[in-house]
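Colleague: Show me how the following folds:
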Amino acid sequence: MLIPTPCSAARSPTPPSAPAGRPRTRVFIVDDHPVFVQGIRILIEREHDFELCGHVGSAPEALSEIGRAGPDLLLMDVSIEGSNGIELMKSIRTLHPELPALFLSMHDEMIYAERALRAGGRGYIMKSAPGPQVVAAMRRVLSGEVYLSDSLGTRFLGTFLSGTGRLRSRTSVERLTDRELEVFSAIGRGKGTRQIAAELNLSVKTVETHRAHIKEKFGFTTAGELARAAVEWVCEHAEGAATSQP
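Modeller: I've put the predicted structure just below:
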């Protein structure tokens, strides 16, 4: 696992120096889980050609600090304070179009990986992945390639093609836009329309429009049906996230 125990952290060897004349690759982390960040820090320090150049835990900090730190690679989570990583990635891509980004998250690959790539990320890997796999993903993204886990690549093929060669229909959640998924998740966390509007910096009317589109995509006719489905989805993914942690 990525997060080391205190004993393993204490035994962490001193990282070797980078080859003479070759600068280290500067890595910047956007994640609001301190224990996980510490694990990634140790992982980075074990690589002779990597160095951590900064870490923030919120979207506003990320937008202000990334340009100042001048990283070569961005590591970020889907869930962060003050926003979500998908929307933040869109803003970062506008400001820093050439900066490669790798998502490390506990959230379901099948729901979020495609969104992360559409937003401008170049890879997606689960936080439960072993350290060497994360390093390999970082190096692949730095080389200009896209990184997806083997299992995710297989699932993507299954999503688009069935055994008969026809496109497989996507689930209702997969058909939600990024913003609709945010609203759906907020509904599942018990938020009302005005609370969601304030949280996402949207108008109440816009949130109501998103709710109507979500109901249509699920085939719901009542607000109660929508609320029940949203709560079930949030609970299911919270349980999955918990089991993925070390």
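
Colleague: What are the phi and psi values at the residue positioned nearest the centre of the chain?
Modeller: Nearest to the mean C-alpha position of the chain, by C-alpha atoms, centre = their mean, lies Val78 at 2.9 Å. The phi/psi pair for Val78 (degrees, to the nearest 10) reads phi -70, psi -40.

Colleague: same thing with Ser105?
Modeller: The phi/psi pair for Ser105 (degrees, to the nearest 10) reads phi -150, psi 160.

Colleague: ok, the nearest residue to it once chain neighbours are set aside - contacts?
Modeller: Among residues not flanking Ser105 along the chain, Val78 sits closest, at 4.3 Å (C-beta to C-beta, 6 or more residues apart in numbering). Every C-beta, even on glycine, is put in place using the N, C-alpha and C of the backbone. By C-beta atoms under 8 Å, 6 or more residues apart in numbering, the contact set of Val78 is 84-86, 103, 105, 107, 112, 116.

Colleague: ok, and the most crowded of the residues you listed?
Modeller: Highest neighbour count within the contacts of Val78: Phe103, with 31 neighbours (other C-beta atoms under 10 Å).

Colleague: Phe136 - how many residues pack around it?
Modeller: You called it Phe, but residue 136 is Ala. Neighbour tally, Ala136, other C-beta under 10 Å: 14.

Colleague: So it: helix, strand or coil?
Modeller: What DSSP: H, G, I helix; E, B strand; the rest coil gives for Ala136 is helix.

Colleague: Below-threshold pLDDT in the chain: ranges please.
Modeller: 1-22, 82, 153-171, 237-246 (pLDDT under 70).

Colleague: can I assume Phe103 sits in a strand?
Modeller: Yes. Looking at Phe103 with three-state DSSP, it is inside a strand.

Colleague: Buried residues, stretch 209-229. List them.
Modeller: Across stretch 209-229, burial judged by 16 or more other C-beta atoms under 10 Å covers 210-211, 213-215, 217-218, 220, 226, 229.

Colleague: I meant stretch 35-51, not that one.
Modeller: Buried residues in stretch 35-51, defined by neighbour count with 16+ other C-beta under 10 Å: 36-37, 39-44, 47, 50-51.

Colleague: ok now the helix or strand where His210 lies, how far from the chain's centre?
Modeller: According to DSSP states H and E, His210 maps onto helix 204-218. Distance of helix 204-218 from the chain centroid (C-alpha atoms, centre = their mean, to the nearest Å) equals 24 Å.

Colleague: Now do it: everything it contacts.
Modeller: With contacts defined as C-beta under 8 Å, 6+ apart, helix 204-218 is touched by 172, 175-177, 179-180, 183-184, 187, 193-194, 196-197, 200, 220-221, 223, 225-226, 229.

Colleague: which of the residues you listed count as buried?
Modeller: Buried members of the contacts of helix 204-218, counted by 16+ other C-beta under 10 Å: 172, 176, 179-180, 183-184, 187, 193, 196-197, 200, 220, 226, 229.

Colleague: Out of those, flag the one nearest to Glu98.
Modeller: Glu98 has its nearest neighbour among the buried ones among the contacts of helix 204-218 in Arg179, at 25.9 Å by C-beta to C-beta.

Colleague: Glu145: neighbour count?
Modeller: By other C-beta under 10 Å, 12 other residues sit near Glu145.

Colleague: So that it lines up with my notes, have the first residue be 5 from now on.
Modeller: Sure, I'll start numbering at 5, so the last one becomes Glu149.

Colleague: hang on, it in a strand?
Modeller: No. Assessed with three-state DSSP, Glu149 is coil; it does not lie in a strand.
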